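J.: what's the 3D shape of this:
(2 chains)
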Amino acid sequence: MQLYLPIADIPVNIFLVLAMGAAVGFVSGMFGIGGGFLMTPLLIFIGIAPAVAVASVASHIAASSFSGAISYWRRRAIDPTLALVLLSGGTIGTALGVWTFTYLRSLGQLDLMIGLSYVVLLTAVGGAMAYEGLRAMLRTRRGGTVTLRRPGSHGWIHGLPLKMRFKRSKIYLSIIPVIFVGLVIGFIGAVMGIGGGFILVPLMIYLLRVPTSTVIGTSMVLTLVTMIFATMLHAVTNHLVDAVLALILMVGGVTGAQFGARAGQKIRGEHLRLLLGLLVLAVGIRFAVELVIRPADLFTIRETGGGAP
Amino acid sequence: MTARSLLVLAALLAAILAGSPAGAERLIVSVSNHRVTVTPNYSGEELVLFGSVERDADTPPGRTNYDLVVTVIGPRADMVTRRKERRFGIWINSDYRQFLQVPSYLALFSNRPFDQIASAEVQRRQQLGLNNVLLMQRVGGDYADVVPNDIFRSAFVRLRSERGLYREETSAVTFLTPTLFRTTIPLPAEVPIGTYNVEIKLFTDGALVTKADTAFEIVKVGFEQFVANTARQNGLAYGLVTAAMALMTGWMASIVFRRD
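T.: Next up, the predicted model:
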């Protein structure tokens, strides 16, 4: 069934978009990530203008992370204090990111920068996660106990001042690295047009040593707030949010996210990390291939100005 | 003076010239629909252009070897064509050309190949064929349309043609009788919203006899128009509603799927 999108100005197959939303929603519910790094390329692939895709995906991610966050909240798997501290850093990071975005665009090589940062970030993060997940799996298979969860519980991070007790997560931690992580995620999210969940989750696990029980729920809260903020920003500045497209994606996304969250509970932590690592790595490699392989068409057209002179 | 007022002036001049008594024929044309409305199930449309060649007492008797060229020009916009080049092992955009106020949709239809209708000189002057239509480029500080085989120009025309937005068909106009003709104007789903000008030129023995203009518009109506207008005019409210919609959808889902 074809449906005409009022902002994107093209007709799309409503079931195709629903299915895409559900598939990405499943992944996002399972791993506690936004899924923007999957959804945006998919939308561009079916012919939606990149700017409209980025702007509309933000609201889709907001919807699925809200639905995810509610179910994690019910299971008491969200640390509100931690989320709040992360957010304070995230807001500053987003503002810095928007500023950098504008600056890069004025230089005219924004696309290349985004492509390169996708490749570097996705392959690095994906590779590290897959490697770690694989090692943990092998270790359990050999019968060893999984003690790697918190090695060196008193690293340099714990020597930092301004310590604070995060009750729900049962950690006692300086707020400096927490704000820093929020800042980095906010910055990357604004520049690359993604929620940044796939970087946030590993950062929280490996750097902040947040227990797995609260990691996903808390990261969802951060994703939710940044994406609501991004939706507003895109709607006010570029007028490129397609509400109809967003609604179809949302309905598919939240449905998928519910099933994904349940599937995620059944899978062991290290398997989950290996899977997510492989997925992130695959997307990263795809972007790398795109940069290295000779494109089918060397020329591209982009509309730059409105109709009237 | 803006490009548009220049165009209007050119059209006026052309009308005065065409109205001179030398041209004895007159063209009467109409499109099947002057207002194409975009509805939720819109997926492109096909218009039909009808017309007839009206002859009067001054028309040389027995003159029936008419040729017709129909040009459809969609809303104009600025575009950039970029070329990728390999640098440091990766493909990046390097060179680019700006195309200024070029048609977002361009279709040229005729009853037989342009070469048989008129000489190369007339083809160029009357902009017959995609190779002869004026596509203004900015090269550095200069404004010009370059030769048809310029790589950026041909890449631009090729990419637009691949999307069905630029087309040239030299057998699309059919004469039902020696003076009655028709052609179809295919509009793919992704054609831009706006006003489309249709120019019909009548040739005989390789020379322009007369021409006529008509137009149609593609407009959004109802819900589509409302959404597009709100997004443009009330960005903040639109953003708030979208954000609220996201929260509502998320909340609804967590209720619907609640198990515990």
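J.: going by C-alpha atoms from here, please, whenever you check contacts or count neighbours.
T.: Noted.
J.: which stretches of the chain form strands?
T.: If you meant another chain, say so; for now it's chain A. Taking DSSP state E as the test, the strands found in chain A are A:2-4, A:11-13, A:163-166, A:171-174, A:299-303.
J.: ah, I was thinking of chain B
T.: B:26-31, B:35-38, B:45-54, B:66-73, B:76-87, B:90-103, B:106-110, B:137-139, B:142-144, B:166-169, B:174-175, B:180-187, B:194-204, B:207-220.
J.: worst mean pLDDT among the ones you listed?
T.: Least confident of the strands of chain B, judged by mean pLDDT, is strand B:142-144 with a mean of 74.
J.: partner strands of it, parallel or antiparallel?
T.: According to DSSP bridges, strand B:142-144 has the following sheet partners: strand B:137-139 (antiparallel).
J.: which residues touch the closest residue in space to A:E270 that isn't next to it in sequence?
T.: Nearest non-adjacent residue to A:E270, counting by Cα to Cα, 6 or more residues apart in numbering or on different chains: A:G133, 4.8 Å away. Taking Cα atoms under 8 Å, 6 or more residues apart in numbering or on different chains, we find A:G133 in contact with A:270-274, A:277.
J.: where does A:G133 land on pLDDT?
T.: 81.
J.: and the gap between it and chain B?
T.: 30 Å (Cα to the nearest Cα, to the nearest Å).
J.: for A:Y72, give its distance to B:G222.
T.: Separation of A:Y72 from B:G222 (Cα to Cα, to the nearest Å): 40 Å.
J.: my guess is B:S171 contacts B:S110. True?
T.: Yes. Contact between B:S171 and B:S110 holds when scored by Cα atoms under 8 Å: they sit 5.8 Å apart.
J.: higher neighbour count, those two?
T.: B:S110 (24 against 12; other Cα atoms under 10 Å in any protein chain shown).
J.: that one touches B:F181, doesn't it?
T.: No. Counting by Cα under 8 Å, B:F181 is not a contact partner of B:S110; they are 10.6 Å apart.
J.: overlap in contacts of these two?
T.: Counting by Cα under 8 Å, 6+ apart, the residues touching both B:S110 and B:F181 are B:V173.
J.: tell me, how many residues neighbour residue 58?
T.: By default, I'm working from chain A. Around A:A58 there are 32 residues (other Cα under 10 Å).
J.: wait, chain B was what I had in mind.
T.: For B:D58, the neighbour count with other Cα under 10 Å is 11.
J.: residues contacting the closest residue to it other than its chain neighbours?
T.: The spatially closest residue to B:D58, leaving aside those adjacent along the chain, is B:A24, at 5.6 Å (Cα to Cα, 6+ apart). Counting by Cα under 8 Å, 6+ apart, B:A24 touches B:55-59, B:209.
J.: from those, which is closest to chain A?
T.: Nearest to chain A among the contacts of B:A24, counting by Cα to the nearest Cα, is B:V209 at 31.5 Å.
J.: for the closest residue to B:S43 other than its chain neighbours, give its distance to B:R163.
T.: The shortest distance from B:S43 to any residue other than its chain neighbours is 4.6 Å, reached at B:A189 (Cα to Cα, 6+ apart). For B:A189, the distance to B:R163 equals 10 Å [Cα to Cα].
J.: looking at these two, which one has more neighbours?
T.: Taking neighbours as other Cα under 10 Å, B:A189 and B:R163 compare with B:A189 leading, 18 against 12.
J.: what's the distance between A:G256 and A:A22?
T.: In terms of Cα to Cα, A:G256 sits 4 Å off from A:A22.
J.: revised request: answer the last question for A:A136.
T.: Taken as Cα to Cα, the span from A:A136 to A:A22 is 30 Å.
J.: more crowded one of these two?
T.: Legend: neighbour count by other Cα under 10 Å for A:A136 and A:A22, higher for A:A22 (26 against 23).
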